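>>> The following block contains a protein sequence and its predicted model.
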Amino acid sequence: MTNNLRFKTSKFIDETYRVSFKFNNKTYFGFKGDTLASALLANGIHLVGRSFKYHRPRGIMTSGSEEPNAIIQLHDNSSRTEPNVRATEVEIYEGLVASSQNCWPSVNFDIGGINNLLSPILPAGFYYKTFMWPASFWEKYEYFIRKSAGLGKSPKVADPDIYEHKYIHCDVLVIGAGISGIMAAKMAAKNGFKTLLVDEKSYLGGSSIYDNSEFSKINNQITSSWLEKEINEISKIENLEIKTRTSVAAFHGYNFLLARENLTDHLPINQRENKVRQRLLKIRAKKVITATGSIERPLIFDNNDRPGILLSSAIKKYIDLYGVACGENNILFTNNDTAYETAMSLIQRGIKINAIIDNREQIDSKISYEVEKNNIKIYKGYSIVDTYGYRRINKISIMKLSKDGQTVIGDKTKLNCDCLGVSGGWTPAVHLFTQSGGKLKFREEDQVFIPNFYPSDQISIGSCNGDFGLEEIIKNTLSSIKKFLDIDNSEYKTVETISGLNQSKRNIWLLPSDKSIGKTKSFVDYQNDATAKDIKLALREGFRSIEHVKRYTTTGMGTDQGKLGNMHALGIISETAGTKMGEHGTTTFRPPYTPLTFGTIVGRNVGEFFDIFRRTPIHDWHVANNAEFENVGQWKRAWYYPKDNENMHQAVQRESKAARDSAGILDASTLGKIDIQGTDASEFLNRVYTNAWSKLAVGKCRYGLMLNEDGMVYDDGVTTRLGENHYIMTTTTGGAANVLGKLEDYLQTEWPELDVYLSSVTDHYATISVCGPNSKKIVSKVIPNLDLSDEKFPHMSFKNAKIENIKCRVMRISFTGEHSYEINIQANFGKSVWEKCMEAGKDFNITPYGTETMHLLRAEKGFIIVGQDTDATLTPIDLQMDWIVSKKKYDFIGKRSLYRSDTIREDRKQLVGLLTENPDEVLEEGAQIVADIKKSPIEMLGHVTSSYYSPNLKKSIALGVVKGGKNMLGQKLIIPMENKNINVTVADPVFLDKEGEKLNAKL
Amino acid sequence: MFLINCPFCGEREQSEFKAGGEAHIVRPKQPTELSDDEWAEYLFMRKNIKGIQFERWNHVHGCRKWFNMVRDTSNDQIKAVYKMGEKPPVK
């Protein structure tokens, strides 16, 4: 360790606890309490990465979440590997491994650095301009662009860590535990508000906690000492919860906020087992106090990006909080008083300052006089025009600023340094405030955007509200919190402050150079390599909107979202375009404030909980019997049951044949079931279905078709009248929830006078359908005491029955065209009844079939599947189902739409059967249907909706929709495929047993 | 995310609700007597206002009740909620 960079003055560093870590495969040491950045700086390392576009060497620039340069790959080559982590936020632990990104073969020698030499031909919009022609080359360009794009490596294997979500409700949320946040939290909690205080750092107190200067005092105490006592006091308040390492990511409307709480990232890997790594907090706060502080602005001058150039406040924090000097020969460059605080911190520890360059001609503050007393040369009214040193800054050149600040004059002076601190004043961190819908206003005096209009019950305090001086912060915090919480101010009776700083500033967005702008590289966005030159070019090319300039130049589009440079970009645009800053507004601040891991976002919803599926009560049997499953909505449905080495086609052919030749059994439990009761139940059904229901006798079943108000088919299913005022409706599997919602909607909003109650009972019953010529024999064995004779139990009727004292409902209904029974029984008995049916059907080769065979069997009969053969553009008339539309009923949902000028058109797409010329040729579902392939362009008449090879008919069958298809029976059409044209004939959609002989056969 | 004051259950998260479009569009009592244009007016035409809008919401993952809401669509402020059949409390 280079010991002359580490000072034993910080209480935040535990010097008895040495920590070793690896950076770019080399082992270094730091102390407990260090961040990766402070530990690297203590080892004399500034160069940590390469920039995105030009691969310029880049160093640590800041000390917090705003860091644009020092983004590293953490846990290299491990399942925990994470790209784009800010070294300034990583707390080091024993065994940490990290490496630089965006460089090859190494950060010290990076081949991509050639881009820096090519930069004159890589201006803003280079990619847009270059790779547009010839258009056919894009695929080739894309390959190389993708290879070189992006920062860091994403993990290749599953994340081993655990994440979770947590809801928090509180009266007052305070974001940021700096001096004003601490005071606000104390006032809120002491006055009985349930308060939550969060801060992204591992410690409380913000930058004031290491403010040991004699120049800012509170009640005659050093700021840090006063604040420590405050922190000590609030940690004992019962209704105040404090969360550190917790970063608010998003501030939504209605005071709903998302925060990420880091729980284990600071621990050695072996201490993380079985612990939650990060928690996403979903916070609903009655009142929000935003105290997010401010971010120091850099200054924009030629070559302002070299390693060794840091924000002046970062240099102060590294020495005061971590005891680390960033350099041994420092220069500070500023346009305001804050750099003098940094100077005092360095002077106190005897660290050399070669000079201070100040844009201002006049400097009049106690602290600046004190610095001058220490024989530090201050260049007043000067500016830096260039810097030197490839992997670390070693020299600067300065010139005098003209009176108007637009040019530099006089001689150029060169000064040596190994570290340069810059300060361009402060930008309030208004990101969260604007995310919530807050509106900003521009304050001309010091060129900052500050909160103006609050969209919810919230307030911004401290420097994020544009209060920068200590006195102003404390005074305004006290008065605004008092008003905001409507409390008296008993907690802080007298707070007296002394500050040696004054707020004067000479703001110049783009500092002048002795070179022409085209020859400079003055970085505005460090991470994305966007320079002042690029912004000016965008304006010359006609871009005006700040959002357009942002996208064209990529300013502010890195992982840091331009926390440092966005204000300068705005400033340069308004100066160049000759407009006022306030008129442009800002670019939109979007969540998250700092990047979130995917783990935090998904929480526990991983693996089997990612997309939770519904299982029928018979699911385990299907699994045990080798079923393949199909997703239908959230359901897992048995698709087919391959035997031996059958493929899907073979299994489906076998199942379909068995169901018609002897017996098949289907798990239909997923069908939606709605229990309908009330004295107006029949009238209600009359209004929602197209056919008539009033005359349906108790104990009878009827098929119904439900339309939308626009006349298009919405759902279908069989409804059974269980009693005078009691029905059970079945819906399609996927439509169940929507149908219930639609029925409730009509009941509650259009027909509140109807006495009808709806209840979903889908999950309460298992439904087993047994079909085929032997179904009767099987069911009579399972339910011996039920009379299955055609006279007592005809097609489309229902009976209450009992299986070993367990009540069940049996319907004789059919979706296959075969004689068939549907047994509905309490869900928990589903599997055992299924097994009974299998046992009873043993002698009849009872064959379980899945959804694919079900689809084939119903297609043979021309029965539609809503959602497969229909797509919300087909009326019942289009489906050739005129028979189900009541002519007598005065009204039902969708009736009026059936004779709109559009729905009565003859040339609408209509459902037809399709038979291929070659009976073995099976059409592709979705294939287009045409009549004339010579015409250009070919007119599309429709498409195939369902297609199968029928083992029962020994030929290919298909359903499709064709324009004017109803009147095309027997006509030849063509299905053009990639390599051939298939000839088909339009046929009746009912392919098998049109007369229903199978259904009504005496068994 | 809105915090919606369901008239039956009280304040609940927006994720429990489903929006149901413009409110106070009455289904014609005698649709068969309407011309195509009149029927289309009911079926398709919606105002989609920027500003104060009356809309229907359903507490779909709660009491399943439909109710009305007055919302300023320009800033998402909910001005009022009221039951079906009740008169809007603000103009």
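Yep, that arrived.

>>> how about the nearest residue to the closest residue to chain A within chain B, chain neighbours excluded?
Closest to chain A within chain B is B:Pro31: 3.7 Å, counting by C-beta to the nearest C-beta. To be clear about C-beta, it is placed using only N, CA and C from the backbone, and glycine gets the same treatment. Nearest residue to B:Pro31 in three dimensions, chain neighbours excluded: A:Arg896, at 3.7 Å (C-beta to C-beta, 6 or more residues apart in numbering or on different chains).

>>> Count the residues that sit near the one you found.
Neighbour count of A:Arg896, defined by other C-beta atoms under 10 Å in any protein chain shown: 24.

>>> Check the one 3 residues further on too.
When neighbours are defined as other C-beta under 10 Å, A:Tyr899 has 15 of them.

>>> Enumerate the residues of chain B near chain A.
Contacts of chain B with chain A, taken as C-beta under 8 Å from any C-beta of the partner chain, map to B:1-3, B:13, B:18, B:20, B:27-28, B:30-32, B:34, B:36, B:39-40, B:43, B:56, B:58, B:60, B:64-66, B:75-76, B:84-85.

>>> Buried subset of these as a PyMOL selection?
Buried residues within the residues of chain B next to chain A, by 16 or more other C-beta atoms under 10 Å in any protein chain shown, are selected in PyMOL with:
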select buried, chain B and resi 2+13+20+28+31+39+40+43+56+58+60+65+66+76
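
>>> Looking at the residues of chain B next to chain A, which are in helices?
Counting by DSSP state H, the residues of chain B next to chain A place B:36, B:39-40, B:43 in helices.

>>> so which pair among these is furthest apart in space?
Farthest-apart pair in those is B:Asp36 and B:Leu43; separation 9.9 Å (C-beta to C-beta).

>>> Test of understanding: give the bridge partners of residue 58.
Using chain A here. For A:Arg58, the beta-bridge partners are A:Gly49 (DSSP bridges).

>>> not what I meant, chain B
Beta-bridge pairing for B:Asn58 (DSSP bridges): B:Lys18, B:Trp66.

>>> contacting residues for it?
Neighbouring residues of B:Asn58 by C-beta atoms under 8 Å, 6 or more residues apart in numbering or on different chains: A:741, A:744-745, B:17-18, B:20, B:64-67.

>>> Now stretch A:788-808: buried residues?
Buried residues in stretch A:788-808 (16+ other C-beta under 10 Å): A:788, A:793, A:796-799, A:801, A:803, A:808.

>>> For A:Lys282, see how far away the residue nearest to the spatial centre of chain A is.
Centroid-nearest residue in chain A: A:Ile601, 7.2 Å away (criterion: C-alpha atoms, centre = their mean). As judged by C-beta to C-beta, to the nearest Å, A:Ile601 and A:Lys282 stand 12 Å apart.

>>> likewise A:Asp76?
Separation of A:Asp76 from A:Lys282 (C-beta to C-beta): 33 Å.

>>> that older thread, which residues lie in contact with the residue nearest to the centre of chain A in this structure?
Each residue near A:Ile601 by C-beta under 8 Å, 6+ apart is listed here: A:Leu280.

>>> which residue packs closest to residue 61, ignoring adjacent ones?
I went with chain A, as the question did not name one. Nearest non-adjacent residue to A:Met61 (C-beta to C-beta, 6+ apart): A:Asn69, at 4.8 Å.

>>> my question was about chain B
The nearest residue in space to B:His61 (C-beta to C-beta, 6+ apart) is B:Glu16, at 4.4 Å.

>>> Next one, pLDDT for that neighbour please.
B:Glu16 is assigned 96 on the pLDDT scale.

>>> what's around it, how many residues?
Count around B:Glu16 with other C-beta under 10 Å applied: 15.

>>> close enough to count as contact, it and B:Arg64?
No - B:Glu16 lies out of contact with B:Arg64 (C-beta atoms under 8 Å); the separation is 10.5 Å.

>>> quick one on the thing from earlier: the residue of chain B closest to chain A and A:Leu898 touch, don't they?
No - the criterion here is C-beta under 8 Å, and B:Pro31 misses it with A:Leu898 at 10.6 Å.

>>> average pLDDT for whichever strand or helix holds A:Asp386?
A:Asp386 belongs to strand A:382-388 when assigned by DSSP states H and E. Across strand A:382-388, pLDDT averages out at 97.

>>> Check which residues of that strand are buried.
For strand A:382-388, by 16+ other C-beta under 10 Å, it's A:382-387.

>>> Pick the one among those residues closest to chain B.
Nearest to chain B, judged by C-beta to the nearest C-beta, of the buried residues of strand A:382-388 is A:Ser383 at 44.1 Å.

>>> Name all residues that make contact with the closest one.
Counting by C-beta under 8 Å, 6+ apart, A:Ser383 has contacts A:301, A:357, A:359, A:398-401, A:408, A:508, A:511-512.

>>> Mind checking what secondary structure the residue in the stretch 901-1003 of chain A positioned nearest to chain B has?
Proximity of the stretch 901-1003 of chain A to chain B (C-beta to the nearest C-beta) peaks at A:Ser901, 5.7 Å away. Per DSSP: H, G, I helix; E, B strand; the rest coil, the local secondary structure of A:Ser901 is coil.

>>> On the pLDDT front, check the closest residue to it other than its chain neighbours for me.
Once flanking residues are discounted, A:Ser901 sits nearest to B:Asp36: 5.7 Å by C-beta to C-beta, 6+ apart. The model reports B:Asp36 with a pLDDT of 96.

>>> how close does B:Asp36 get to A:Lys889?
From B:Asp36 to A:Lys889 the distance is 20 Å (C-beta to C-beta).

>>> Please enumerate the strands of chain B.
Along chain B, counting by DSSP state E, strands occupy B:3-6, B:10-13, B:18-22, B:52-58, B:66-72, B:77-83.

>>> and the residue nearest the centre of chain B, what does it touch?
Nearest to the mean C-alpha position of chain B, by C-alpha atoms, centre = their mean, lies B:Arg56 at 1.7 Å. Counting by C-beta under 8 Å, 6+ apart, B:Arg56 touches A:749, B:19-23, B:66-69.

>>> swap in A:Asp932?
By C-beta under 8 Å, 6+ apart, the residues touching A:Asp932 are A:938-939.

>>> And it, which helix or strand is it part of?
Using DSSP H and E, A:Asp932 falls outside every helix and strand.

>>> do the same with A:Glu370
Using DSSP H and E, the element containing A:Glu370 is helix A:366-373.

>>> Packing partners of that helix?
Applying 3 or more C-beta pairs under 8 Å, 6 or more residues apart in numbering or on different chains; DSSP states H and E, one finds that helix A:366-373 contacts helix A:338-348, strand A:378-380.

>>> before we move on, back to that, let me know the closest of the contacts of A:Ser383 to chain B.
Set against chain B, the nearest of the contacts of A:Ser383 by C-beta to the nearest C-beta is A:Ile508 (37.2 Å).

>>> what's around A:Ala124, how many residues?
Other residues near A:Ala124 number 23, with proximity taken as other C-beta under 10 Å.

>>> Please look at it and A:Lys550 and confirm they touch.
No - the criterion here is C-beta under 8 Å, and A:Ala124 misses it with A:Lys550 at 10.9 Å.
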